[in-house]
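Undergrad: Just need the structure, nothing else, for what follows:
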Amino acid sequence: MTKRPTIIDVARLAGVSKATVARVVSGQDVLVREETRERVLKAVDELGYERNAIAGSLRTDQTFMVALCIPDITNPFWTVVARGVQDAIEASGYTTVTVNSDWTAEREKNYLRMVRRNRFDGLIINPTSVSSEALSRLGVPVVILGSGDNQPDFDSVGSDTEAAVQDALEHLLQLGHRRIALIAGRSQRRRELARYLSYRLFHQRHELPLDESLVIECEFSERDGYEAMQQFLNLPQPPTAVFCANDLLAIGALKAAQALDRHIPADISIIGMDDIYAASMTSPSLTTVAKPKYEIGVMAARMLLERMNGDAPDSARHVRIQCQFVQRGSTGAVRTSVNQ
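TA: Alright, predicted model coming up:
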C-alpha cells in the first residue's frame, strides 16, 4: 500500500520548512512570499498531500464539519432541504455530514453521540424525540428544522404550515366541497399536528360539522395514503375531497381512488403538500401546497453559521417562510348530485 504523503514530504520537495508548509496549507500565509507559496502548492499537488484536519482541529477546536439530521432520506422533501443546507454550508468552507434518523429515537440518540464524539461544530436537526436538555448538552450551536415549538430556546426555520392548510381547504370550499377528509400523518413529537389543528379551525370558522371518521393519522408514506383512501371510500358516505399532509400520502390516495374506479377530480378531489417533483408527474397532476424546501435548508445553514461565528443575537430566532398554493388537475368542483 502506498504511503500517505506527510507535511515533511511536502517540505522536502518544496525546499522549505514544515512551518512554512503548515502556514500555506492552513491559509495563514500572509508572511510567506508568493514564489515560496506557489512552490509549496505545486509540491502539495504533485504529492497529493491532504492536510490532517483532525490534528488541526485539536489545535483550533474546530473541525469545520456540521451534522444534518433528517428523519427520512427517502422522502424527496428532505433531500431538497439537505441540498439547500449543503450548498450554503460548503460555500462557507464547512462540510455537511447528513444522517437519517428514520423517525427512531435510538438512532437520533446515537447521532447526537456522534456529534459530540467527533467534535462537530454545529447541528441542524428535525428532531424526533430529543429534548432541549440533550441538545444543550452537546455544547455546539443547534438549528431546528420545523416549528421549534418543543425547543423554543434554539433557532428554528420552517414553513407557515397553518396558513398553507387554510389556503388548501378554502380552495376546496370554493369548489363546493363540504365533506372534506384529512390524512394527517402521525407526529413523532406531539399529538396534534398543525395540519389537524388548522383542519379543525377551518370547520369551526365555517360552521361545518367535524366528522372524526374523516380524519386518519398514519405514517407519511405512499402506502399509508393508499390504505387511508381505501377506508374513506368504503364509508357509507365517503368524502368528496381529501387533503393529505404530504405529497407521498396524496399520491398513494390518488392511486387507491383510481384502483377503485373513481375518477379524479370528478368523483373525488385530492390535495397534497410539499410539491415534490412526483406531484407534477401523476395523472392527473397533483394540486398541492409548495413548501420552500431549498430555502428552508439555506436559511437553516445561514442561521447556524451566524451562531458558530458569534454573529447571532442572544435570543432564539424562529423563522416561518410562506408556502405557495399550486393548483393542478386533481381538484375540481363537487358534483351537484353528490349528497353532502
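Undergrad: Now do the buried residues in stretch 31-38.
TA: 32, 36-37 (16 or more other C-beta atoms under 10 Å). The C-beta positions use only the backbone N, C-alpha and C, and glycine is treated the same way.
Undergrad: How about stretch 215-223?
TA: 215-218, 220-222.
Undergrad: try stretch 118-126
TA: So for stretch 118-126, counting by 16+ other C-beta under 10 Å, buried means 120-126.
Undergrad: Now the element after the helix or strand encompassing R113, going C-ward?
TA: If you go by DSSP states H and E, R113 is part of helix 105-117. The helix or strand immediately downstream of helix 105-117 is strand 122-125, counting by DSSP H and E.
Undergrad: Show me what that following strand pairs with in its sheet, parallel or antiparallel.
TA: strand 65-70 (parallel), strand 142-145 (parallel) (DSSP bridges).
Undergrad: lowest-pLDDT helix or strand in this protein?
TA: Scoring the helices and strands of the chain by mean pLDDT, DSSP states H and E places helix 53-60 at the bottom, with a mean of 49.
Undergrad: quick one: P236 is in a strand?
TA: No. P236 is assigned coil when assessed by DSSP: H, G, I helix; E, B strand; the rest coil, not a strand.
Undergrad: rewinding a little: with distance to A163 and pLDDT added, can I get the buried residues of stretch 118-126 in a markdown table?
TA: Output for those, formatted as a markdown table (distance: C-beta to C-beta, whole Å; pLDDT from 0 to 100):
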| residue | distance to A163 | pLDDT |
| --- | --- | --- |
| F120 | 34 | 90 |
| D121 | 34 | 92 |
| G122 | 30 | 94 |
| L123 | 28 | 96 |
| I124 | 24 | 97 |
| I125 | 24 | 96 |
| N126 | 20 | 94 |
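Undergrad: which one of the residues you listed is nearest L182?
TA: Set against L182, the nearest of those by C-beta to C-beta is N126 (21.9 Å).
Undergrad: Can you give me the distance of the residue nearest to the closest one when sequence neighbours are not counted to P76?
TA: Excluding its sequence neighbours, the residue lying closest to N126 (C-beta to C-beta, 6 or more residues apart in numbering) is L145, at 4.0 Å. Distance, L145 to P76, using C-beta to C-beta, to the nearest Å: 15 Å.
Undergrad: More neighbours: these two, which one.
TA: L145 (24 against 19; other C-beta atoms under 10 Å).
Undergrad: Q258 versus that one, what's the distance?
TA: For L145 relative to Q258 (C-beta to C-beta), the value is 33 Å.
Undergrad: again, but for I268
TA: Taken as C-beta to C-beta, the span from I268 to Q258 is 10 Å.
Undergrad: So for those two, which residue has more residues nearby?
TA: I268 (28 against 15).
Undergrad: what does whichever strand or helix holds I8 rub up against?
TA: Per DSSP H and E, I8 falls inside helix 7-14. By C-beta atoms under 8 Å, 6 or more residues apart in numbering, the residues outside helix 7-14 that reach it are 17-18, 20-22, 25, 36, 39-40, 42-44, 46-47, 49, 52.
Undergrad: ok, of the residues you listed, which one's closest to F243?
TA: Checking the contacts of helix 7-14 one by one against F243 (C-beta to C-beta), the nearest turns out to be N52, at 53.6 Å.
Undergrad: Give the residue spans of the stretch 1-150 of the chain that score low on pLDDT.
TA: 1-2, 27-30, 50-62 (pLDDT under 70).
Undergrad: redo that, cut-off 80
TA: Scanning the stretch 1-150 of the chain for pLDDT under 80 picks out the ranges 1-4, 22, 25-31, 49-63.
Undergrad: Could you do the stretch 151-300 of the chain as well?
TA: In the stretch 151-300 of the chain, residues with pLDDT under 80: 185-194.
Undergrad: Run through the strands of it in chain order.
TA: Ranges of strands in the stretch 151-300 of the chain, per DSSP state E, counting those that start in this stretch, are 155-159, 180-183, 215-216, 241-244, 269-271, 288-290.
Undergrad: Deepest-packed of these, please.
TA: strand 241-244 (a mean of 30; mean count of other C-beta atoms under 10 Å).
Undergrad: Quick check: which helices or strands does it pack against?
TA: helix 161-174, strand 180-183, helix 222-233, helix 247-259, strand 269-271 (3 or more C-beta pairs under 8 Å, 6 or more residues apart in numbering; DSSP states H and E).
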